[in-house]
Every structure is written in structure tokens, then in C-alpha cells.
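Chemist: quick one, what's the 3D model for this:
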Amino acid sequence: MENELKIEGKNSVSEAIKSGVKIQKILIQKRLAPRYGDIISSAKRTGIPLQEIPSLDAKQGILAYIFPVQPRDIEDFLDKEFVLLADGIEDPHNLGAIIRTAECAGVDGIVIPKHRSALISQGLINSSAGAIFHLPFAVVNNTAQAVDKFLNAGFSVLGADPEGETIFEVDFKFPVLLIIGGEDTGLRPIMKKRCDRLIGIPMRGKITSLNTSVSAGIIIYEIVRRLWR
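Modeler: Predicted coordinates:
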């Protein structure tokens, strides 16, 4: 059907079912069906069409066709404690990994730009292991204006930057908006100007940089650790 998305793998399909996202159908390679008893039972219980077919070119022999996940309004996030803004992350695997970490850590939501960003696609969904079905997200035309809304709502705005203060020592207050910049460009100047603090990760080895999703994960969990105290 028009605008449907194909997702593959046990985790992605299982999380889609749990989240209640609208699923058109599930396909399973017949000889692998015994592995997916829980998914088959859930599909039957919820009325999701499911077929077992002899041959299927899909990760782990299972896939589903789903209808697009609907974004939230950014106003839905303005009363939350910890929100992430991914500004210009173009690799769907990086953005998917960040979404997976954010959902696991209990982040309240993520904001992504309509342009200069990976889209909510099959690759991103699979990279997030289905976490995008549970983490509320908003899509905005202008990220700078979005940050202004959080500032006006009383958020501390933190920007991830290699030259920033070490995340393990800097003080900040909740609620928090954390901005992660693009893989190659980092934070844009227009975003840096809006940050209350720039924060980074101390490096002690000979390699002085981390993958974007790894850096985001470290910072996310340090912020969540403070929130849990």
C-alpha cells in the first residue's frame, strides 16, 4: 500500500506489535516459524494478517509491512524532563542507534529536522531495533525555532561539542534539552548560540574522537544518571 514501510528482524517486528503501530501484514519463512511462537500468537490475538511462506529474503526470516509512525507536536515535549534534539544526523544507522539508546535510557522524546536528517525509514527502524515505536518524536522545519520554544519553556539547553566542558563535571538543571550535531559538522553556530552550556567527553587515549551515536550514548546516560539521583 502507499507509504507503507517494510521492517525486518525479530526485534523490530516484535516491538511494532507491542507498540500498537498499525501493521498491514507479517511474513515469516515457514521453516523458521517455530522460533517466532510469541509473535505468531500476538498477531493472531490482535488480528494482524500473518503468512508463512517457503522462501523469504529478510533478516532472520521475518518481516512486516507497517503504516508510517506518526510524529508528535513539539508542544507535547515542553512539559517533559529530558528531550533530545538530533540536528543534522544524516546516517540512519547513527540516528537509529541514538534512538535505541535514548529509549532504553528513558528519554522523554526526540526532535529531528525535516531536512538535513535521516528519515524515519526501514533502515532507521531496523537500526533502532524497533525503539522508534516507543520513543515519541517530533519533526520540525526549523530546529533553531524549536530550541527557542524549549528555552522559553525553561529548559536548560546543552550542546554536545568536543571543546565543551566535561559532562562529568558540569552543573545543569532540569528540564534538559540535549542537542547532538551532525556527524561531520557537529553543532552549527546558530545552535551553539542557543546553548546554555557546551558539553564534551574527556579523551585520554591517542584516538580523540568517538562515533556520533557512541558519544550521544555516553552523554545521555550521564544526564539520566543525574535525573535518577
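Chemist: for the protein, list the residue farthest from the centre, please.
Modeler: What lies farthest from the middle of the chain is Pro54; by CA atoms, centre = their mean that is 33.8 Å.
Chemist: which residue sits closest to it, ignoring its sequence neighbours?
Modeler: Lys30 (5.5 Å; CB to CB, 6 or more residues apart in numbering). Every residue, glycine included, has its C-beta placed from N, CA and C.
Chemist: list the residues that contact that neighbour.
Modeler: 52-54 (CB atoms under 8 Å, 6 or more residues apart in numbering).
Chemist: just the ones in strands from these, please.
Modeler: 52-53 (DSSP state E).
Chemist: tabulate the contacts of Lys30 (CSV), appending distance to Gly88 and pLDDT.
Modeler: Below are those laid out as CSV (distance: CB to CB, whole Å; pLDDT from 0 to 100):
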residue, distance to Gly88, pLDDT
Glu52, 42, 94
Ile53, 40, 92
Pro54, 44, 93
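Chemist: of the contacts of Lys30, closest to Thr185?
Modeler: Proximity of those to Thr185 (CB to CB) peaks at Ile53, which lies at 44.5 Å.
Chemist: that closest one contacts Leu27, doesn't it?
Modeler: Yes: between Ile53 and Leu27 there is a contact under CB atoms under 8 Å: 6.0 Å.
Chemist: who has more neighbours, these two?
Modeler: More neighbours surround Leu27 than the other of Ile53 and Leu27, with 19 against 11 (other CB atoms under 10 Å).
Chemist: read off the pLDDT value for that one.
Modeler: pLDDT, Leu27: 96.
Chemist: same question for the one 4 residues further on.
Modeler: In the predicted model, Arg31 carries a pLDDT score of 94.
Chemist: where's it relative to His134, distance?
Modeler: 31 Å (CB to CB, to the nearest Å).
Chemist: the longest helix in the chain is where?
Modeler: helix 212-228 (DSSP state H).
Chemist: same for it, what does it pack against?
Modeler: strand 82-86, helix 92-105, strand 156-166, strand 176-180 (3 or more CB pairs under 8 Å, 6 or more residues apart in numbering; DSSP states H and E).
Chemist: out of those, nearest to Met203?
Modeler: strand 156-166 (8.3 Å).
Chemist: grab the most central residue of the protein for me.
Modeler: Centre-nearest of the chain using CA atoms, centre = their mean is Ile99, 1.9 Å out.
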